[in-house]
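Participant: model the structure of this input:
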Amino acid sequence: DAPNSLERELLVKIDSLHSELTLAHRKWGQERRELASSHAAVEQERAETHRVELAEQRAAISALEDDIVSQKEKTKDAEKERLLLMQKLATANHSVEVVRNENLNLQDDLDSVKKTLNEAQSSIQGGDCGGSSSSSDGSSLLTVD
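Facilitator: Below is the predicted model:
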């Protein structure tokens with residue numbers, strides 16, 4: 001009976017070890033699933049953070065692009081205004097030059113009239129020998145210097 005008893009003890013021990021092995025296998029599988037689940041949650045959180053950061057970067061890029069377009073439009077408008085002002089300045093400078101030329105021509109005409117008037121007065125005074133200078137309508141002739 002001793003061999004049977006030993007055999008039974010060994011069978012009980014084998015069943016016990018088998019039960020422990022099965023339990024350890026289940027525990028290991030559960031821990032593995034928990035780790036995988038935890039890892040998946042971390043990865044999902046990381047992916048969500050990445051998506052949020054990308055969305056923020058895209059929004060910032062879009063805002064910068066809008067700002068660039070706005071600045072280009074302002075620069076374009078300022079350039080148009082500058083060109084318009086340059087044209088107005090050129091027109092004003094031309095007008096000033098025209099007025100200066102007219103002024104010079106009028107000054108020349110005035111000098112010519114003064115010269116003619118002085119010559120006429122000299123001629124009248126020289127021909128009258130001591131009389132007063134007067135015009136044909138009786139008004140005095142004035143010397144213009």
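Participant: C-alpha coordinates for stretch 3-22, CSV please?
Facilitator: This file holds the C-alpha atoms of stretch 3-22, laid out as CSV (Å, rounded to 0.1, in the frame of the first residue of the first chain):
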residue,chain,number,x,y,z
PRO,A,3,3.5,2.6,-3.3
ASN,A,4,-0.1,3.6,-3.8
SER,A,5,0.1,6.1,-1.0
LEU,A,6,3.2,7.6,-2.5
GLU,A,7,1.6,7.6,-5.9
ARG,A,8,-1.5,9.4,-4.5
GLU,A,9,0.7,11.9,-2.7
LEU,A,10,2.5,12.6,-5.9
LEU,A,11,-0.7,12.9,-7.8
VAL,A,12,-2.1,15.4,-5.2
LYS,A,13,1.2,17.3,-5.4
ILE,A,14,1.0,17.3,-9.2
ASP,A,15,-2.6,18.5,-9.1
SER,A,16,-1.7,21.2,-6.5
LEU,A,17,1.3,22.3,-8.7
HIS,A,18,-0.9,22.3,-11.8
SER,A,19,-3.5,24.4,-10.0
GLU,A,20,-0.8,26.9,-8.9
LEU,A,21,0.5,26.9,-12.4
THR,A,22,-2.9,27.6,-13.8
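Participant: residues of that stretch that come out buried?
Facilitator: Using 16 or more other Cβ atoms under 10 Å as the test for burial, stretch 3-22 gives no buried residues. Where C-beta positions appear, they are placed from N, C-alpha and C, glycine not excepted.
Participant: what about Ile124, how many neighbours?
Facilitator: 14 (other Cβ atoms under 10 Å).
Participant: so which residue is dead centre in the protein?
Facilitator: Gln71 (2.2 Å; Cα atoms, centre = their mean).
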